[in-house]
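S.K.: using only what follows, build the 3D model:
(one chain, ligands or ions: 1)
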Amino acid sequence: MRIMWPVIGVIIAAVIASAAFFIGIQQTGPPASQGTTATAETRTTAPPTSRGVVSLTLYLNDYGYNASKGGPTITAYVGDLIRIRLVGNGSGPIRHDFTLDRESPSPYDIQSDRLRNGEEQVIEFVANHEGEYKYYCSVKPPFGQSHRERGQEGTIIILPRS
Ligand SMILES: [Cu+2]
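M.R.: Residues are numbered from 1 along each chain as shown. From the prediction side, this is the model:
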């Protein structure tokens, strides 16, 4: 039995040493939980990368959009793509357009072609600027009222993306 004591002592020492080594690894290891939490927070607060598409058709009538006066209210969120199919629908040679520019007034600079009856154009732009603006027809005859003065305008509302 005397011979066994040193052996037992070595075994005990080995167990203590390995236990201490294991605990040491745990204490000095990388803060895995903190790193994981930071990554999750980054994902949660990242801005949305997807954008919506607002698509509509406007008939360019005398002297309104889809109406004889005024036009539909277009609503979108910041970042949305706005796609408008314009269909010339004026009487005789009268042309109309879709304008959203500094005279709206607005920070946009959108100007379609002036379309005669039967002509079509698709315009696209990104709703980069939040706010409520007027779109209108920029045609001004050499005499008489402009088309906008005759009521050819509508409202576009760009809402903040929450
Ligand atoms: Cu017009």
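
S.K.: where does this structure have its least confident helix or strand?
M.R.: helix 32-45 (a mean of 41; mean pLDDT, DSSP states H and E).

S.K.: and the gap between R95 and G88?
M.R.: Distance of R95 to G88, given as C-beta to C-beta, to the nearest Å: 7 Å. Using the backbone N, CA and C atoms, a C-beta is placed for each residue, glycine as well.

S.K.: so for the two, which sits in the more crowded spot?
M.R.: Shown here are R95 and G88; by other C-beta atoms under 10 Å, G88 has more neighbours (20 against 16).

S.K.: you'd agree the more buried one is up against R116?
M.R.: Yes: counting by C-beta atoms under 8 Å, G88 touches R116, with 5.0 Å between them.

S.K.: what about V122, how many residues nearby?
M.R.: 11.

S.K.: got a list of what it touches?
M.R.: 83-86 (C-beta atoms under 8 Å, 6 or more residues apart in numbering).

S.K.: all helices for the protein, in order.
M.R.: Ranges of helices in the chain, per DSSP state H, are 4-28, 32-45.

S.K.: could you list the domains of this structure?
M.R.: The chain resolves into domains spanning 4-45, 53-159 when parsed by automatic domain parsing.

S.K.: how about those, which one is nearest the ion?
M.R.: Distance to the ion, taken as C-beta to the ion, is lowest for domain 53-159 among the domains of the chain, at 3.1 Å.

S.K.: picking up where we left off before, got any residues that touch both of G88 and R116?
M.R.: Residues touching both G88 and R116 by C-beta under 8 Å, 6+ apart: R95.

S.K.: what does the protein have sitting close to the ion?
M.R.: 96, 137, 139, 147, 152 (C-beta under 5 Å from the ion).

S.K.: tell me where the protein has strands.
M.R.: Ranges of strands within the chain are 53-60, 74-77, 81-88, 99-100, 110-111, 120-126, 131-136, 153-159, based on DSSP state E.
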